[in-house]
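>>> Need coordinates for the following:
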Amino acid sequence: MLSQIGKSASKKAMRVDLEIYYEAMENLYHPEDNPEGTFPMNIAENHLCWDQLRERIQQVTRDNDIPEWVASYTDPAGAPSFRKATAGFLGKFLFHCPVDPETIAFSGGATSVIEMTSFLIAEPGETAVIPAPSYPVYTGDIGTLPGVKRYDLQLPGDFSKSEYDFDLELLDRAKTEIEQAGSTFRMLILTSPDNPTGRIYRESDLRKIAEWCMDNEVHLIVNEIYGLSQLDITHPDLQSEYEQPTQFVSFGKIMEEFKSPFLHFWYSFSKDFGVSGFRIGLLHSHNMDLIQAYRNAGLGHSISNYTQWVMQEVLNDHTFLSSYFKDFQKLLTEAYLAFTGGLKKLEIQYNPSRGSLFVWMDLSEFLEEKSEAGEEKLWLEIYHQTGILLTPTQGFGHSQKGWYRAVITSIHPSEMEVALGRMEKFVQKKRNA
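Below you'll find the model as predicted:
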């Protein structure tokens with residue numbers, strides 16, 4: 001009854017933790033009404049500054065008439081006024097250089113952007129290389145419809161660093177292996193700050209990676225969906241974690257210098273702004289054939305004009321955005337300090353982060369066996385005994401067993417202490433067993 005793609009999609013869950021996540025969401029912790037409730041910390045959502053953003057959005061809709069263009073068709077790549085507002089936002093807050101609105105195309109969320117870009121630049125059966133550990137759902141985003149294969153590039157496994165050390169020999173080796181397997185190394189996908197580690201790529205590494213990709217005609221895409229979810233590493237309680245840290249430099253700035261058809265940038269408003277339900281993702285590229293292809297193929301992926309109008313008004317208010325991101329960084333840093341402080345107390349190792357919404361932590365000492373089955377058993381054990389739902393390890397692509405991701409922005413800061421208290425009891429019980 002279904003096509004081959006349909007049959008495959010029907011048998012493969014988008015995420016292995018969705019069913020248990022929905023269960024947890026029906027039993028959320030409340031200090032009075034449900035003190036034994038759950039803490040879902042597996043889905044990458046940011047709830048830290050929603051009240052502030054909601055107030056600004058309500059002001060937009062209250063104080064302004066809806067423009068005529070909102071009720072009509074507009075450019076499938078995004079309304080011109082929305083692209084202009086977004087270019088101004090990216091230029092001021094992330095790239096720190098001018099951005100041409102014509103180099104931007106939108107579609108409905110980060111997943112759509114990844115999927116659209118993949119089938120426009122790669123043939124089915126070609127390969128995307130992704131440094132591991134990395135976002136598990138990349139596999140489905142590039143594979144389900146575009147038919148692109150995922151190759152997990154194993155980087156040196158030192159999780160004590162907040163910045164990646166990248167050796168170009170790894171890319172040469174991957175290219176050889178992929179070609180020997182009968183495929184083509186078509187795409188290299190980097191995420192900075194990374195999911196799940198929170199590491200960043202140095203500007204010097206980004207430049208040499210970009211040059212390698214241009215020389216080898218490989219499309220390099222840098223996903224900066226957490227580009228403004230950066231920790232305040234000057235905080236006195238954080239400074240000791242970073243030895244001579246380099247400044248975060250957006251790949252957008254490097255792209256502006258090269259203007260290569262092989263260099264691209266992904267972004268979404270879901271994480272930095274905490275509006276995943278708005279479904280706004282974007283591709284930025286100086287490859288104008290790709291932008292035109294995105295426009296021609298993207299009508300079914302378009303964003304609601306009403307959403308575009310509301311967000312363009314927010315993006316044009318740079319005074320508000322400056323205040324918003326200052327507050328967000330403060331709250332994000334506090335959440336990170338609270339969670340990692342609990343891990344330090346328990347002597348649990350974690351990867352020092354420069355940004356993102358996560359803490360990547362080592363719970364391998366509690367594994368009964370170092371296997372996928374052992375990891376899943378521990379994941380479920382933590383959930384059933386503490387109510388804390390971490391992201392399962394399956395699909396991140398890394399070789400080391402026992403590392404789990406916690407989303408520190410998914411629960412209210414006042415709940416963090418309760419969750420950490422439960423984790424402490426769990427750890428003590430396991431160590432005393």
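>>> List the buried residues in the helix or strand hosting W212.
W212 is part of helix 203-216 when elements are defined by DSSP states H and E. By 16 or more other CB atoms under 10 Å, the buried positions in helix 203-216 come out as 203, 205-207, 209-210, 212-214. Backbone N, C-alpha and C define where each C-beta goes, glycine included.
>>> What segments of the stretch 301-433 of the chain are helices?
For the stretch 301-433 of the chain, the helices defined by DSSP state H, counting those that start in this stretch cover 305-315, 318-345, 372-386, 413-432.
>>> Can you tell me which of those is packed in deepest?
Greatest average neighbour count among the helices of the stretch 301-433 of the chain goes to helix 305-315 (a mean of 20), per mean count of other CB atoms under 10 Å.
>>> tell me the angle that one makes with helix 318-345.
On the basis of axes from the mean of the first three to the mean of the last three CA atoms, to 10 degrees, helix 305-315 is oriented at 90 degrees to helix 318-345.
>>> what sits against S162?
198-200, 241-242, 245, 351-354 (CB atoms under 8 Å, 6 or more residues apart in numbering).
>>> SS state for A128?
State at A128, reduced to three classes by DSSP: H, G, I helix; E, B strand; the rest coil: strand.
>>> partner residues bridging it?
Partner residues in beta bridges with A128, using DSSP bridges, are R150, M187.
>>> Quick check: it vs N34, distance?
Using CB to CB, to the nearest Å, A128 is found at 42 Å from N34.
>>> Could you break the chain into its assigned domains?
Using automatic domain parsing, the domain parsing of the chain gives 4-51+321-432, 66-317.
>>> what number of residues lie near S192?
For S192, the count of nearby residues is 27 (other CB atoms under 10 Å).
>>> and stretch 121-139, average pLDDT?
For stretch 121-139, mean pLDDT is 97.
>>> just so I have it, where are all the helices in the stretch 51-200 of the chain?
Going by DSSP H, counting those that start in this stretch, the stretch 51-200 of the chain shows helices at 80-90, 110-121, 138-143, 168-180.
>>> Most tightly packed of these?
helix 110-121 (a mean of 23).
>>> List the contacts of that one.
With CB under 8 Å, 6+ apart, helix 110-121 has contacts from 107, 128, 137-138, 141-142, 144-148, 186-187, 219, 221, 223, 225, 264, 266, 268, 270, 279, 281-283, 290, 293-294, 297-298, 301.
>>> Sort out for me which of those residues are in strands.
Those of the contacts of helix 110-121 mapping onto strands are 107, 128, 186-187, 219, 221, 223, 264, 266, 268, 281-283, per DSSP state E.
>>> circling back to that earlier point, buried among the contacts of helix 110-121? Need that as a selection in ChimeraX.
The buried residues among the contacts of helix 110-121 can be selected in ChimeraX (16+ other CB under 10 Å) with this line:
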select :107,128,137,138,141,142,144,146,148,186,187,219,221,223,225,264,266,268,270,279,281,282,283,290,293,294,298,301
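>>> For A71, find the nearest of the helices of the stretch 301-433 of the chain.
In terms of CB to CB, the element of the helices of the stretch 301-433 of the chain nearest to A71 is helix 305-315, at 7.3 Å.
>>> what angle sits between that closest one and helix 80-90?
Using the same axes, to 10 degrees: helix 305-315 against helix 80-90 is 40 degrees.
>>> Run the chain-centre distance for helix 305-315.
The chain centroid and the centroid of helix 305-315 are separated by 22 Å under CA atoms, centre = their mean, to the nearest Å.
>>> Quick check: end-to-end length of stretch 293-304?
20 Å (CA to CA, to the nearest Å).
>>> Contacts made by that stretch with the rest, please.
With CB under 8 Å, 6+ apart, stretch 293-304 has contacts from 75-78, 105-108, 112, 116-117, 120, 279-280, 283.
>>> ok, now with 10 Å
Here stretch 293-304 makes contact (CB atoms under 10 Å, 6 or more residues apart in numbering) with 70, 73-79, 82, 104-109, 111-113, 115-117, 119-121, 278-283, 285, 287, 308, 310-311.
>>> do stretch 82-89 as well
Taking CB under 10 Å, 6+ apart as the rule, stretch 82-89 contacts 74-75, 77-79, 95, 98-106, 228, 267, 269, 280, 282, 284, 303, 305, 307-318, 321.
>>> Could you do stretch 417-432 as well?
Here stretch 417-432 has contacts from 29, 31, 35-39, 41, 338-339, 341-343, 345-348, 363, 365-366, 378, 381-382, 385-388, 390, 406, 408, 411-412, using CB under 10 Å, 6+ apart.
>>> do that again at 7 Å, thanks
29, 39, 342, 346, 366, 382, 385-388, 411 (CB atoms under 7 Å, 6 or more residues apart in numbering).
>>> For H47, what is the enclosing helix or strand?
Applying DSSP H and E, one finds H47 in no helix or strand.
>>> so what's it up against?
H47 neighbours (CB under 7 Å, 6+ apart): 274, 409-410.
>>> and with 10 Å instead?
Contacts of H47 by CB under 10 Å, 6+ apart are 274, 331, 357, 407, 409-413.
>>> Next, format the contacts of stretch 417-432 as a markdown table and append pLDDT.
Formatted as a markdown table, the contacts of stretch 417-432 follow (pLDDT from 0 to 100):
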| residue | pLDDT |
| --- | --- |
| Y29 | 97 |
| F39 | 97 |
| G342 | 96 |
| L346 | 97 |
| F366 | 97 |
| I382 | 98 |
| Q385 | 97 |
| T386 | 98 |
| G387 | 98 |
| I388 | 98 |
| I411 | 92 |
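>>> so which of those would you say is closest to R62?
I411 (30.1 Å).
>>> Give the closest residue to the closest one in space, chain neighbours not counted.
F39 (5.2 Å; CB to CB, 6 or more residues apart in numbering).
>>> Which strand or helix spans the one you found?
Going by DSSP H and E, F39 is in strand 39-40.
>>> Packing partners of that strand?
helix 18-25, helix 372-386, strand 388-389, strand 403-407, helix 413-432 (3 or more CB pairs under 10 Å, 6 or more residues apart in numbering; DSSP states H and E).
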